[in-house]
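Asker: Following is a predicted model, sequence given first.
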Amino acid sequence: MDNWRGWDKISYQSDLDPRFAEEIASIPGGDKLFACIQCGTCSGMCPLSSYMDVTPRQIIAMIRAGFKGDVLSSYTTWLCASCYTCSVECPKQIKITDIMYAAKRLAIREGVYPKKFPIPVLASEFFSAVEKNGRSSEGRLIMKFVMKTNPLNMFKQAGLGLKLFRTGRFSIKRESVERVGELNSMMKFLEMEHMIKKASDAVGVKEDHK
Amino acid sequence: MSSLDNKHNGSARVGVYICHCGINIAGKVHIQDVVDIAKKLPGVTVAKEYKFMCSDPGQEIIQEDIKKGLIDRVVVASCSPLMHEPTFRGAMAKADGNPFMFQMANIREHVSWVTKDKGLATDKSKALVAAAVARVMFHQPLTKTQVPVNPNVLIVGGGIAGIHAALTMANAGKKVYLVEREPTIGGHMAKFDKTFPTLDCSACILTPKMSAVRAHPNITLWTYSDVVGVDGFVGNFKIKVKLRPRYVIEEECVGCLECIEACIFKHGKFKDEFNVGLAKRKPIYVPFPQATPLVAVIDPETCAYFRAKCKKPCADVCEKKAIDFNQKEEIVEVDVGSIILATGFKTFDASRVARYGYGKYPNVYTSLEVERLVNAAGPTGGEVVLANGKKPKSVAIIHCVGSRDANSNKYCSKVCCMYSLKLAHLVKERTEADVYNFYIDMRTPGKGYEEFYERLLLEGINFIRGRVAEVTDWAMTPDEEEKLVIRAEDTLVGKVRRIPVDMVVLAVGMEAQPDADDVRRMFNISCSHEGWFLERHPKLAPVSTLTDGVFLAGACQGPKDIPDSVAQAGAAAAEALALIDIGHVELEPNTAFVRDEFCSGCRTCMNICPFSAIAIDTEKDTAVVNGALCKGCGTCVAACPSGALQQNLFTDEQIFHEIEGVMNYV
Amino acid sequence: MKYLYYPGCSLKSTGRAYEESALAVTEALGMRMDELEDWNCCGATNYMSISELKSFALSGRNLSLANRQANNTESVSLVAPCAACYLGLTKAKRYIEEYPEIRSKVDGALNAAGLEYRDHVRVRHLLDVLVNDFDQRSITERVKVKLAGMKVACYYGCQIVRPYSEFDDQHNPTSMERLFKSLGMDVVDWPLKTRCCGGTLTGTVSEVGQRLSYILLREATRRGANVIVTACPLCQFNLECYQSEMSKRFNDSVHIPVTYFTQLMGLALGIPRKKLGLHRLFVPIPDGVESPAAGGAHVLA
Amino acid sequence: MSDKNVAGSDFEPRIVAFFCNWCTYTAADLAGTARMVYAPNARVVRIMCSGRLDPQFVLAALRKGADGVLIGGCHPGDCHYQEGNYKALRRFTLLKTLLAAMGIEEERVRLEWIAASEGDKVQRVINEMTEQVRKLGPLRLEQIHQIEGSHHSAAQVGKHAVMEGAV
């Protein structure tokens, strides 16, 4: 009976986040999320759904119902490879890929993504490299990523690395744009905007949606 | 030239009545404020409010005020004039008021239902009331003209709806012209084997009605024909019908079909339209054995006589000498008083959903094709077989193909769930195959429909709730080799499944006819977004259109199954009969008229009138409007350079004052 | 039409051969394509997971640089051979132009860096340019080498046809097949041509990602293909570089050359193998598949 | 020409809408039945056909204080009276020239084809136009009065210009 877990299957309304759906739906064109008829075309088309802990269709249902914790901690959003098949075939034209991105962003912001899962790690490494240099240096990115997730893999993947090196496809040179300053000003501007918005949200000033 | 000064009729006494429409208006408009404002408007002697002005007690309020002599004209602020203008005009007439001393302010559809803020809604209501009052001051008593109604009726389309409407009208003793563009009547229903949920034989219930049409003395049936011209108006339409040559004299042909036997093509070679391409026909053919009329037709596109030399064995073998290669297209003209459109639908083109492989994999069929396969009179004699002639061991039926999909049609086609159940039953019965129905939601509202669903559940049909993602031919496991593989999420289980099958049936939805837009233009009616003909009111006038005298029956108005189509056909016939029984129509007196003293005889109006309703009085050299021909558009009035032309109910004076009125209370 | 070349990060490292062959082929066709000056990352896939707005702003900078480099001319195409870059740029362009709230933020960011966004820069994939801006007959006429033995499986992957492709059918694209038929090669019918290769998952969750790639390779081989052409550096990497690992993992021998479409195209146009970066392949195109074309160049005369 | 400083944030534009009975008026009814909320600034004057629209109506509306005028008719080819909407279009084109000559911004007078089934279009067009006119600010009337004060009245100028095109 040690594994008997049936008792916690019930969901209490107080545990759900009623604002979660609107949070996700606030992305451009995101309100179509509410039109979902749970037909499962997304899951059926998704080449990765068989590896997901919950199907894309269920993610939509969970978002709508406010299962924030379950959605943000699920592997499903991170397994999404952004192939956009679901978005193209959805009979309600829901931008499912964009919704997956929105969930990923929220998970990172709130620090609730599956911690040891390698995909968010790669995303973060990529992000910080580009933020700094304006370009990603694939060789460095891969090395950093392997170090952070599974250093033992370094040996396992040594063969591949060697081959890439031999064919001139692996370089540890740091790639960068020349005018880093331009990028810095752009990013600074967006961060300021973001802070202002957060501050105004906090004091209850709503942007005028016309 | 009209003056914009407030030089209204000094003796006018206007009664203003504001309707609450329950909470429909009162919930969004401060009624009392509007009443208070109305009381202050010049000319207003009475201003009142009531819960439902359209109700009998509401109408009585107006009638009493007229009888008491308090008012001689009326403004009702309530719903759209398209809804209740006739009601209130009628009420005034009953109280011996002139019904055209009336104006409606639309404060429901145009205000309370579309405005968020109560204050703004109230302001807008005040403005509309002020405008109506300002305008009604200039109304004149008018009378309606009566025009007799021609008792004949035109019915377009010979499917089950057209057939039923035709028989109803004909049995009531009216002359019916039934026009069908195919060589036979019968429509889609003639292609089906069984009908849901009773599983009674489609042909058995349809063909007697088809013969009855053919035999009925009151019905003139024109098949292989098209309506090419519609003129006139309610009660008095002039119709042009083009009879295409079928190269067989209809009156002579006895339907022995010897000619078909004799054709130089020994076997069918061309796409058989009736069998949706599953069989081949000859250039001379009848669509199916019970075709009505049972008269052969020659397709000039494929007949050898029209392309090269042919000794015409068909003509030689015909004892009645019915074959006539010199037949020419013919135009006939008829007068009718009413029109029933029963032009039906077309099925969705399944190749538009590329991922289901229709047109790519030979064993992917549409439901209409399978209807022919299960039909004992169909190309396989009722055997459900694959392209290679073998019976399928497993069959998938995919619902909602071309329905409920923003990438094709957003609406539900209403009939597919039920016919998919029917086909599942028939396929299982004929092949003992495993049948899988993939559905999004099972929709079975209707008498005996849910019971039919339960019967299938018990029969062992597999139901999987999930819209199929794709049909492919690549295998992941040995049992998938050489099969079509369905990939779908079983949403009730929450897992994606791959199911190998031999045959896939696509339950295609219903669409408006491809030429519905041309047809509706010809008959001067509207279409909804999806292309279906638009009814006058979705609930209360479902078979009428915005054009008087034109009625709708069957699926041309929206997806319908057979019982609904028949019911609607009956309703359309009843509407047409009611029109005929009254014997006349009253025309709205909103016609144009000329004020001779201003007319210079420039003939601008004459050239601009699309109905040739304006002539010139050569003695006075002024324009004259023929009230019977004028339809009241007012185009000539706007064009008249001297202001001599005016339109009853829409005079410059009335409109100018209405404009002035709406500018208030912003 | 002025073409500007947007390489993106991959074409400077793992996808070097794509850059080499793309430049060689466009040069052979007489098409001028200058590299976008000081381009930055497109803000693709991974970036989207962290900050959507920053991702759009990054693409916004590239588009604004393109406009500047083209001297504000109306007809400029920014040509991206990488599928992810193509999508990243296209998507950003769409969202910037469709949603005013995004537009105003991107404008603000660009202005802060002294840049300006203009609508008229077109984003094109290299495949689109080669198939639609060139008369296919003229390409046939330039064929110098016959590769008749090659049975080509054309792999589009996800992001050049979905969700915003404007140059081909989303469900059943055919541009590449048309191109390779023009080049005198046989193409195989392969329904998986737009199915995902696994994307970055091959590196992160390799058991899942590699399985997706493996399914594609197995089915292509079954359908008689002996070479796969791709239009995306990540697809090429996934389908080629893990083949020996896949063979072990799925206990099946997986061995089929996977090239960039420009590499095989270049071979047919008679460009030397080295110039096309063919020596960088793990699974080489066998020597001796080439034979002088029968029709080919002299038709021009 | 409009003074944006005068147009404070409280400025509520007044728009007179001339809708044909068969298409656009019906569409507006449909918008109501479907409870599509939109700006309350447009007030509808029903005419049987957009062909009835005398350019004087537009000028009168502007003179009486409207900041914008919307004209709604059936789509080309759909006119209940065969071709009234074409006439409306011709007159409208000429009227625009006249209004431009008077210095009235183009966005203030708009012609839209709206079918009976297009309730959503009524909502969209009225919302759009309200915002456009709000941005322009109130219409200053002097221009019209000036022109009307001259030897020809504006209405007559309009009518004659329109006449030439329409016949």
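Answerer: Right, received. Where do you want to start? Only a predicted model underlies this, so the values are computations on that prediction, with no experimental measurement involved.
Asker: drop to CA atoms for contacts and neighbour counts, all remaining ones
Answerer: Fine.
Asker: Give me the neighbour count for whichever residue of the stretch 451-600 of chain B sits closest to chain D.
Answerer: Residue of the stretch 451-600 of chain B nearest chain D, by C-alpha to the nearest C-alpha: B:Ser528 (5.2 Å). Look at B:Ser528: counted by other C-alpha atoms under 10 Å in any protein chain shown, it has 15 neighbours.
Asker: Tell me which residues are up against stretch B:356-370.
Answerer: B:275-276, B:278, B:350-351, B:384, B:386-387, B:420, B:423, B:470-472, B:502-508 (C-alpha atoms under 8 Å, 6 or more residues apart in numbering or on different chains).
Asker: Quick check on B:Lys240: phi, psi?
Answerer: phi -110, psi 130 (degrees, to the nearest 10).
Asker: do the same with D:Glu105
Answerer: phi -60, psi 150.
Asker: The spatially closest residue to it that is not a sequence neighbour sits in which helix or strand?
Answerer: Among residues not flanking D:Glu105 along the chain, D:Leu99 sits closest, at 7.6 Å (C-alpha to C-alpha, 6 or more residues apart in numbering or on different chains). Element membership for D:Leu99, per DSSP states H and E: helix D:84-101.
Asker: packing partners for that helix?
Answerer: Applying 3 or more C-alpha pairs under 8 Å, 6 or more residues apart in numbering or on different chains; DSSP states H and E, one finds that helix D:84-101 contacts helix D:55-63, strand D:109-113, helix D:154-166.
Asker: Comparing those, which yields the minimum mean pLDDT?
Answerer: The weakest mean pLDDT among the helices and strands packed on helix D:84-101 belongs to helix D:154-166, with a mean of 46.
Asker: burial count for residue 64?
Answerer: In the absence of a named chain, chain A is used. Residue neighbour count, defined by other C-alpha under 10 Å, stands at 21 for A:Arg64.
Asker: wait, I meant chain D there
Answerer: Neighbours around D:Lys64, by other C-alpha under 10 Å: 18.
Asker: give the contact list for it.
Answerer: D:Lys64 neighbours (C-alpha under 8 Å, 6+ apart): B:660, B:663.
Asker: would you list every one of the helices in chain A?
Answerer: For chain A, helices defined by DSSP state H occupy the ranges A:20-25, A:41-45, A:56-65, A:68-72, A:76-79, A:85-89, A:96-110, A:118-133, A:138-149, A:153-156, A:158-166, A:180-202.
Asker: mind showing which ranges of the stretch 51-200 of chain B have poor pLDDT?
Answerer: Applying pLDDT under 70 to the stretch 51-200 of chain B picks out no residues at all.
Asker: My error: substitute chain B in the last question.
Answerer: Applying pLDDT under 70 to chain B flags residues B:1-10, B:666.
Asker: if we go to 50?
Answerer: Scanning chain B with the threshold set as pLDDT under 50 gives B:1-7.
Asker: where do the helices sit along chain C?
Answerer: So, for chain C - with DSSP H - the helices run C:16-28, C:45-48, C:52-69, C:83-98, C:100-112, C:126-132, C:136-141, C:175-182, C:201-204, C:206-222, C:233-241, C:243-249, C:261-268.
Asker: Which residues does the longest one contact?
Answerer: So that's helix C:52-69. A:186-187, A:190, C:4, C:36-37, C:39-44, C:47-48, C:73, C:76, C:78, C:88-89, C:92-93, C:95-96, C:102, C:106, C:109-110, C:115-118, C:121.
Asker: of those residues, buried ones?
Answerer: Among the contacts of helix C:52-69, those classed as buried by 16 or more other C-alpha atoms under 10 Å in any protein chain shown are A:186-187, A:190, C:4, C:36-37, C:39-44, C:47-48, C:76, C:78, C:88-89, C:92-93, C:95-96, C:102, C:106, C:109-110, C:115-118, C:121.
Asker: host element of the residue nearest to B:Val332 when sequence neighbours are not counted?
Answerer: Spatial nearest neighbour of B:Val332, excluding adjacent residues (C-alpha to C-alpha, 6+ apart): B:Val241 at 5.3 Å. According to DSSP H and E, B:Val241 maps onto strand B:236-243.
Asker: I'd like to know which elements the helix or strand that comes right after that strand is packed against.
Answerer: Going down the chain from strand B:236-243, the next helix or strand is helix B:258-262, by DSSP H and E. Applying 3+ C-alpha pairs under 8 Å, 6+ apart, one finds that helix B:258-262 contacts strand B:284-285, helix B:313-317.
Asker: and the shortest one, what does it pack onto?
Answerer: Taking 3+ C-alpha pairs under 8 Å, 6+ apart as the contact definition, the neighbouring helices and strands of strand B:284-285 are helix B:258-262, strand B:297-298.
Asker: What pairs with it, parallel or antiparallel?
Answerer: Its sheet considered, strand B:284-285 pairs with strand B:297-298 (antiparallel) by DSSP bridges.
Asker: quick one: the helix or strand just after the partner strand to chain centroid distance?
Answerer: Note on strand B:297-298: by DSSP H and E, the next helix or strand toward the C-terminus is helix B:304-307. Distance, stretch centre to chain centre, for helix B:304-307: 39 Å (C-alpha atoms, centre = their mean, to the nearest Å).
Asker: rank the helices of chain A by pLDDT, which is bottom?
Answerer: Among the helices of chain A, helix A:153-156 scores lowest, with a mean of 68.
Asker: Please list all residues in contact with B:Asn375.
Answerer: B:191-194, B:381-383.
Asker: okay, the residues you listed in JSON lines with secondary structure and distance to B:Met442 next?
Answerer: Output for the contacts of B:Asn375, formatted as JSON lines (DSSP: H, G, I helix; E, B strand; the rest coil; distance: C-alpha to C-alpha, whole Å):
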{"residue": "B:Lys191", "secondary structure": "helix", "distance to B:Met442": "25"}
{"residue": "B:Phe192", "secondary structure": "coil", "distance to B:Met442": "22"}
{"residue": "B:Asp193", "secondary structure": "coil", "distance to B:Met442": "23"}
{"residue": "B:Lys194", "secondary structure": "strand", "distance to B:Met442": "20"}
{"residue": "B:Gly381", "secondary structure": "coil", "distance to B:Met442": "31"}
{"residue": "B:Gly382", "secondary structure": "coil", "distance to B:Met442": "27"}
{"residue": "B:Glu383", "secondary structure": "coil", "distance to B:Met442": "27"}
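Asker: Report the buried members of those residues.
Answerer: B:191-194, B:382-383.
Asker: Could you pick out the residues of chain D near chain A for me?
Answerer: When proximity is defined as C-alpha under 8 Å from any C-alpha of the partner chain, chain D does not approach chain A at any residue.
Asker: any weak-confidence spans in chain D?
Answerer: D:1-8, D:148-167.
Asker: go again using 70 as the cut-off
Answerer: In chain D, residues with pLDDT under 70: D:1-9, D:141-167.
Asker: quick one: contacts for the residue lying farthest from the centre of chain B?
Answerer: The centre of chain B is farthest from one residue, B:Pro478, which by C-alpha atoms, centre = their mean lies 51.5 Å away. Contact partners of B:Pro478, counting by C-alpha under 8 Å, 6+ apart, are absent.
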